[in-house]
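S.K.: Structure for the following, please:
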Amino acid sequence: MRRSFTMRKLARRHRKPSELLLVPMIDIFTVLVTFLLMTAVFSRTVIMELKLPAPGTDSSEPPKGLVLEVVLRKTGLTVQDRNGGELKRLPRADAGAPYDLAGLSGYLQTVKAQFPQVTEATLLLEGDISYDHLVQVMDTVRIIEHRVDGQLVQSELFPDVSLGDAEVLAGAR
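M.R.: I've put the predicted structure just below:
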């Protein structure tokens with residue numbers, strides 16, 4: 001039999017609310033998490049240990065032999081021995097020009113040939129040197145890349161790098 005309109009309306013009001021189905025939502029999240037894990041790029045962070053002097057440390061006697069320092073200024077690079085003075089100057093053409101990293105690497109190779117036991121170098125920075133330039137010069141001081149039988153091989157030059165502030169030149173400020 002057919003029910004009347006009012007009876008159907010009353011039956012609709014007393015109907016139980018339907019349950020919320022979470023299974024399709026869980027399926028969507030499972031697929032989404034799987035996709036994100038498969039496409040995520042896991043980067044490898046390289047940490048380099050720098051040897052910085054402790055605050056208030058005073059060196060009583062300078063060490064014998066070569067104490068290599070590379071001074072990074074806006075005007076160029078200077079390779080020097082702390083005990084003996086300036087060894088080589090590699091000037092920049094202008095403020096926007098790149099540093100002569102190839103010349104620095106070549107000169108450091110000749111220094112390494114003369115002092116093979118020395119592994120330490122100090123990188124002294126002038127104020128306002130960009131981080132990118134610091135990293136490029138530090139990598140040039142630490143390693144040399146050359147080809148052997150068609151393969152790129154890295155060799156150590158002066159792997160123990162320390163950082164410091166360069167002297168302010170007279171008339172620079």
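
S.K.: going forward, measure contacts and count neighbours with C-alpha atoms only.
M.R.: Noted.

S.K.: how does the chain divide into domains?
M.R.: 8-39, 68-165 (automatic domain parsing).

S.K.: pLDDT (mean, whole number) over the first one?
M.R.: Per-region confidence: domain 8-39 scores 82 on mean pLDDT.

S.K.: So what would you say the end-to-end distance of it is?
M.R.: 53 Å (CA to CA, to the nearest Å).

S.K.: Which positions in it come out as buried?
M.R.: Neighbour counts using 16 or more other CA atoms under 10 Å place no residue of domain 8-39 among the buried ones.

S.K.: quick check, distance from that domain to the centre of its chain.
M.R.: For domain 8-39, the gap between its own C-alpha mean and the chain's C-alpha mean amounts to 47 Å (CA atoms, centre = their mean, to the nearest Å).

S.K.: Same question for stretch 83-94.
M.R.: Taking mean C-alpha positions (CA atoms, centre = their mean), stretch 83-94 and its chain are 26 Å apart.

S.K.: What of stretch 143-160?
M.R.: Using CA atoms, centre = their mean, the offset of stretch 143-160 from its chain centre is 19 Å.

S.K.: Can you name the residues in contact with that stretch?
M.R.: Contacts to stretch 143-160, defined as CA atoms under 8 Å, 6 or more residues apart in numbering, come from residues 50-51, 105, 108-109, 112, 118-121, 141-142.

S.K.: how about the residues you listed in TSV, adding secondary structure, distance to I28 and neighbour count?
M.R.: Formatted as TSV, these follow (DSSP: H, G, I helix; E, B strand; the rest coil; distance: CA to CA, whole Å; neighbours: other CA atoms under 10 Å):
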residue	secondary structure	distance to I28	neighbour count
L50	coil	48	11
K51	coil	51	12
S105	helix	55	20
L108	helix	59	23
Q109	helix	59	19
K112	helix	61	16
V118	coil	60	18
T119	coil	57	16
E120	strand	56	18
A121	strand	56	22
V141	helix	52	25
R142	helix	50	20
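
S.K.: nearest to V161, of those residues?
M.R.: Looking at those and their distance to V161, the nearest is A121, at 5.1 Å (CA to CA).

S.K.: wait, isn't that closest one in contact with S162?
M.R.: Yes: counting by CA atoms under 8 Å, A121 touches S162, with 6.4 Å between them.

S.K.: How much space separates V148 from Q154?
M.R.: 10 Å.

S.K.: Settle it for me: which of those two has more neighbours?
M.R.: With neighbours defined as other CA atoms under 10 Å, V148 and Q154 compare such that Q154 has more, 13 against 9.

S.K.: Alright, calling it a day.
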